[in-house]
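1. I need the structure of the sequence given here:
(chains A, B, C and D)
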4 protein chains.
Amino acid sequence: MADLSLAVAGEARIDWADAQMPVLAQVRARFARERPLEGLRVAACLHVTAETGNLVRTLRAGGAAIWLCAANPLSTQDEVAAALVVADGIAVHARRRVDRATYTAHQATVAAAGGAGPHLTMDDGGDLLALLHQPQGGAPVDGDGDGPDPGARPPRAPELIGGTEETSAGALRLRAMAARGELTVPVLAVHEADTHRVVENRHGTGQSALDGILRATNVLLAGRRLVVIGYGSCGRGVAARARGMGAAVIVCEVDPIKALEAKLEGFEVAPALEAAERGDVFVTVTGNRDVLTREHFERMRDGAILANAGHFDVEISLGDLAAAAEGPAVEVRPLVERYVVGGNRLHLLAGGRVVNLAAAEGYPASVMDLSFTNQALAVEALVREPGRFAPGVHRVPHEMDAEMARLKLASLGIGIDRLSDAQAAYGRAWA
Amino acid sequence: MADLSLAVAGEARIDWADAQMPVLAQVRARFARERPLEGLRVAACLHVTAETGNLVRTLRAGGAAIWLCAANPLSTQDEVAAALVVADGIAVHARRRVDRATYTAHQATVAAAGGAGPHLTMDDGGDLLALLHQPQGGAPVDGDGDGPDPGARPPRAPELIGGTEETSAGALRLRAMAARGELTVPVLAVHEADTHRVVENRHGTGQSALDGILRATNVLLAGRRLVVIGYGSCGRGVAARARGMGAAVIVCEVDPIKALEAKLEGFEVAPALEAAERGDVFVTVTGNRDVLTREHFERMRDGAILANAGHFDVEISLGDLAAAAEGPAVEVRPLVERYVVGGNRLHLLAGGRVVNLAAAEGYPASVMDLSFTNQALAVEALVREPGRFAPGVHRVPHEMDAEMARLKLASLGIGIDRLSDAQAAYGRAWA
Amino acid sequence: MADLSLAVAGEARIDWADAQMPVLAQVRARFARERPLEGLRVAACLHVTAETGNLVRTLRAGGAAIWLCAANPLSTQDEVAAALVVADGIAVHARRRVDRATYTAHQATVAAAGGAGPHLTMDDGGDLLALLHQPQGGAPVDGDGDGPDPGARPPRAPELIGGTEETSAGALRLRAMAARGELTVPVLAVHEADTHRVVENRHGTGQSALDGILRATNVLLAGRRLVVIGYGSCGRGVAARARGMGAAVIVCEVDPIKALEAKLEGFEVAPALEAAERGDVFVTVTGNRDVLTREHFERMRDGAILANAGHFDVEISLGDLAAAAEGPAVEVRPLVERYVVGGNRLHLLAGGRVVNLAAAEGYPASVMDLSFTNQALAVEALVREPGRFAPGVHRVPHEMDAEMARLKLASLGIGIDRLSDAQAAYGRAWA
Amino acid sequence: MADLSLAVAGEARIDWADAQMPVLAQVRARFARERPLEGLRVAACLHVTAETGNLVRTLRAGGAAIWLCAANPLSTQDEVAAALVVADGIAVHARRRVDRATYTAHQATVAAAGGAGPHLTMDDGGDLLALLHQPQGGAPVDGDGDGPDPGARPPRAPELIGGTEETSAGALRLRAMAARGELTVPVLAVHEADTHRVVENRHGTGQSALDGILRATNVLLAGRRLVVIGYGSCGRGVAARARGMGAAVIVCEVDPIKALEAKLEGFEVAPALEAAERGDVFVTVTGNRDVLTREHFERMRDGAILANAGHFDVEISLGDLAAAAEGPAVEVRPLVERYVVGGNRLHLLAGGRVVNLAAAEGYPASVMDLSFTNQALAVEALVREPGRFAPGVHRVPHEMDAEMARLKLASLGIGIDRLSDAQAAYGRAWA
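-> Next comes the predicted model:
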């Protein structure tokens, strides 16, 4: 485990994050009063950061006993781990940059939750649930081959109630397990909440993508042509902010309805090959692959900057870029590599990896505030309404989503109106 | 019918609208080549305006014979009616401000379509289809009481293929007919297209609501507090533009997720009673009733302006306003009435009727361009794919919606990219 | 004079304007307490509108006797004139659409101010001061040919203290008089105040120019390319609002520093000939002539709309337009004329006259609020500080300008900070 | 001097900056053709960065011999210094973090310019000119005590033609020298150009202040209340961008006209004490002192963030903050210190130093592009027009300013119109 002398520094970081996470703080206060998780064991495999520290403290305030390991060996903040051990007595099994074997051992320890197995899991990639559902000895979960028996529990966690999942990739993996009849408990996919889409994609990604570009390059956006490729909710966030910073924005989009929306919001809309000839800064945010390829690079102007804000590093074709370039790439600033294509200098940021994370810090704590409140409320819902969710992966229920938006507004000091009965009836008549 | 000497003036107006309706013009050119409506009779009950003139000419280019009457006795532009008669030989049965009997007679004439009944109808409120489905003599449409027989046709239009409907209210009426088993043909509800929502609500309503307010009052928006009540697609259009004109915008909304969206887009969010104390201009656009009532009026400041941009005049409670006011309302400018409440002057615009239409001109021609292209494409789809749509009211199919967005972009000189096969496959894997 | 039965309607209009003019209302309240104009005769030649009605009432509250005539025979609101006569006993010599002789006679009557001549004049074009300085009989103003004698007064107004002037054109005329040694009194040019530039040009013109375009055409701005020619304070107001309405804006400007400002604020910048090929709506606001000429018209696209927001109708070359067009212009809507140039339809608004006034209503009352407060404070300054201003035309003093901004903020419920003594000293050290 | 093995890395950084500095590149190309500085010695005391590297190369292309030292011992980029020595043979006397004695010795060496003294100086704080004007031995510059003799030259630089100055502080110091009759040559103050104000203050400071805040905190701006104190050109840049990022902006300003401008542009305006109660993020940018003091801190809410974007660290009163706080400050993130005032956590960024530089990288290279082009053109003007500028500190002439804007536009591929002779004459008639 981490060096416990770091606990003071960790406490300061957790406190800073707490100041940005007022929604979770409201839930924590209620949990402390109501103790909905009293006596339950929670196994959590998450990024061990200051924000997660506040989530873990919320669950603990609700009465849970917690085992925590890392969802990625690089993201652990050792001082936060130390603070959670020292101040909260939480079993944190994580240390930055541990080797693969140690990392795996940490997951196994946390999955065991002290031996009896967890009542609840929290995943960021599906690792814990996958581990718990692995066959143990000769006892298959599915006794008759036609899917999990009603009431079956994974052998390693006989009291398991359910779990939460933070990522798209994890949800995809768990849905595949469910399709194969292997998932025995309900899982709430918190990233599929509407509030998540609104807050995280549009605002979290929108801001942090530009932040990453500025940190990597320090270019002035005012007066530049910034090309946003992909006008989904992330792309809209990037485009609106780039305009707000003084850039002239060109949107590229394959869906004609989204393209029309962009046009009517005042953006220029063009095919990517045409935009390639005119842009100064390019941001891919499509969720697809090979969005910028050799034919684009060959049309770009001297000085062009290429950034990817999509999840995977496949949007800018790195193979094409290397093939089109004269000579090897040269690092001209940290995270900025220059490729010369047809005599023009093209500058690739962060090796084409997601620029929000690779060149900035990813989502702000106030964005994580909603995601982690979602986690806490999801865990509570699984416990309070045991029969409500069947085994499988579920979206967060709408009323939980609405409640979270309400809590977020309350944290900003904002109340809103409610429909009167007469208005509700009128609305239904016209729905 | 109209005074035919007005035809020259009508031609000029139609031409002006045509210059704003390039999407429909593209369809008209194609229809002239392909003649998809050759030999078909179309009965249309629409607002007889310059924009409708261009729609009617498009159908005629496609080979249809057309009978046209008015959806409202007040909206008819007599010079347009004259031009359609003179230049196109279309049977226009409409004149501005005709009495009720004449208006009804016009509808009956058009519904007859020369005696044989129409192949297709175009409605703006459902009048023609309702008329055609009325029992005629002893022959009920529904022979066995369990809904329309397969292949049944309304007695007054034995060759009827289907129809289109332009409004929400019409679609509601036709769905009620369908629920009672009375509707024998498919109807495409063109206002339910995504392009419609994007273009008409957000941009059409957004602009014309502010336009109506400015025409009625000539107030400077810069530096004013404008309160938008309702943050649906119409409200977003109003709020974004008001900000763009320099107003400080307060959004009131009952849905917490929409309220949070407004807040994250930088708007102030408040309950309506609180906004009542601080606003200078109020715009209701909720689609609900009694949105502003006595308790709001009593909190408002001297000089406040009240406008409704929702469809019906029930959003601002006129009864409450009259009851709260000292003395009768006084017209201080055309379409502006002053009520004095608690010593403060409140100014009601257009009697609380939808300010876009009552004080301005409603949707711009370029908005109607999409609606009417939708009409033309819907009629074509009904004809080209006879078995595709069952009796009942249908949304416009997505591919027609996308095609329309594509045509609109093309009219703006904009092409967009298409996914490669590899990209489409990649997208499906992650969907 | 006007029909006095209109007084009730006039009272309503004045009251409406009063609700938009809170700054002037503050001054009126103070004038009523302090009576700074007690016993003085004021001759005013202004547009006789509801806003002017509130100005006149302010002067009267300050103790002045007022004679009022019209600065233009077309702008008089007869109901306002009636109300001022009936309610205030003011000598109003104005009626809408009077003939030239009557109009001139009205001015002469007002200039006489009951026979003794005015103490103060208020001009909107310099007419009254010009009239009062005309030689009368054999008594020249300038006794020795080297400019007005100290203490000289124009023969027709022997007690004249000074005047105010509302327009650029009037100030130019009066400065020419001063240069010829003919002006015997100080004149404060109220339109040269900083608050005037900020409020009237940027916001007053900015909003009303777009308002005029929308009233004349009802075009949807979202998604259109709007070309603003001239990026002075008026042009900035137009450009910012057009963007706020969803238009893509192209700025044309001859001053490279202003052009660079536009570019860095995210606008596209291009020469007018290039913009001519791409624009949908053109707005000239340069203050210069022949801004759009034949070579521009010949490059424009079908459907283009041409509006002028500059003071004079010389910015769009009407001669070139007529010469380039095939056939005569056709009115396709009120205030919209179609010219066909090279097969493309170009639409000229309001005959190229200033679109704010010709198609909308010019400045909002809240803009006139500042101009007219300026008038009232200027008159007061002339009276309270008799020796302060020498004969000639003067800008409004800065402290009056600042006071007006402060009053305007106060009317909006806004107080601001003041520098502490230490801060003021620090600021001076660095100035 | 620097470690020459760093030259390759320095070359890469200079090349990266060059890609952002197209205006200077145009001047460099012209200088290479025209050689306006042939045979002249230039002594430059500037921040030794990649941008300065491109300036120095421009002067060298013009024919100058250059001696370069650092304006600050901390800002030197050693790899850039190495590249300038290796590739250009420039005499660079600078190394990062040298001690005071070495730093001073470097300045003396550069001021000597090889022994004969420079023809031209370039200063960033006035050090070189101050050094050169120090009396040397018994020979005063001012022979007769009434100011510099015509044609006098400082004893240490007998051939000195003039100099340039980059900063306000330097210009103030040199003007004080001039007022004491000690400055013998003309100095062009390049930061006083209009282009500088537009580009550097509004856009350079506007962007980099927010960039600094985001790097220090990673807070989400959307939905936050950001308070901008000071609405000069820097404050406008901050306010516009914060709004563009989704923040609700409150402006505090002591000048009522600027406050009114802010209000009419849609910002909320409030006194600082009132804003203190409501803000989430505070940015001071007044150029004054004690802008935020104890009474403000005591009203702030939990979680508030305090940043200064003004030049000096006196805007946020650090003494008051320490005095008001319970216990010592705690660093909760790098550059973020938490003070607890009345139970609320306030977070001070970068110790109250200018956040653009302390937490981000200061002006983008494209901003320095204009400043340094100004430097190059100013040096050229001093040489080409020897008698034009008298001894003393001068603003950059307007035509140079305009030329720079024109070059900047050209670098963006933008040409603009010029007035015709007739238009110029018309404009003069109305000026």
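
2. from the stretch 1-150 of chain A, which residue is nearest to chain C?
-> In the stretch 1-150 of chain A, the residue that lies nearest chain C is A:Ala19 (27.4 Å; Cβ to the nearest Cβ). In short, each C-beta sits where N, CA and C put it, glycine included.

3. what sits against that residue?
-> A:Ala19 sits next to D:Asp302, D:Gly303, D:Arg345, D:His347 when contact means Cβ atoms under 8 Å, 6 or more residues apart in numbering or on different chains.

4. which one among the residues you listed gets closest to A:Thr164?
-> Nearest to A:Thr164, judged by Cβ to Cβ, of the contacts of A:Ala19 is D:Gly303 at 26.9 Å.

5. Please tell me how far the closest one sits from A:Arg406.
-> Using Cβ to Cβ, to the nearest Å, D:Gly303 is found at 20 Å from A:Arg406.

6. More neighbours: which of those two?
-> D:Gly303 (21 against 18; other Cβ atoms under 10 Å in any protein chain shown).

7. So which elements touch the host helix or strand of A:Val251?
-> Using DSSP states H and E, A:Val251 maps to strand A:248-252. Helices and strands touching strand A:248-252, by 3 or more Cβ pairs under 8 Å, 6 or more residues apart in numbering or on different chains; DSSP states H and E, are strand A:225-229, helix A:233-244, helix A:256-264, strand A:268-269, helix A:272-278.

8. how's chain A carved up into domains?
-> With domains defined by automatic domain parsing, chain A comprises A:4-184+A:364-411, A:203-358.

9. what does the average pLDDT come to for the longest one?
-> Yep, that's domain A:4-184+A:364-411 we're talking about. If you average the pLDDT over domain A:4-184+A:364-411, you get 91.

10. Kindly report the same for the shortest one.
-> Per-residue confidence for domain A:203-358 averages out to 96 on the pLDDT scale.

11. Can you give me the end-to-end span of it?
-> The stretch domain A:203-358 measures 18 Å between its terminal residues, going by Cα to Cα, to the nearest Å.

12. what's the distance between that domain and the middle of its chain?
-> 21 Å (Cα atoms, centre = their mean, to the nearest Å).

13. same deal with the first one?
-> Its chain's C-alpha centre and that of domain A:4-184+A:364-411 lie 14 Å apart, by Cα atoms, centre = their mean.

14. which parts of the stretch 201-350 of chain A sit against chain B?
-> Residues of the stretch 201-350 of chain A lying near chain B by Cβ under 8 Å from any Cβ of the partner chain: A:202-203, A:252-257, A:259-261, A:263-264, A:269-273, A:287-290.

15. Let's see that with 6 Å instead.
-> With Cβ under 6 Å from any Cβ of the partner chain as the criterion, the stretch 201-350 of chain A meets chain B at residues A:203, A:254, A:256-257, A:259-261, A:264, A:269, A:271-272, A:288-289.

16. Quick check: nearest residue in space to A:Ala12, chain neighbours excluded?
-> The shortest distance from A:Ala12 to any non-neighbouring residue, by Cβ to Cβ, 6 or more residues apart in numbering or on different chains, is to D:Val332 (4.3 Å).

17. And for A:Tyr339?
-> A:Tyr339's closest residue in space is A:Ala325 (Cβ to Cβ, 6+ apart), at 4.0 Å.
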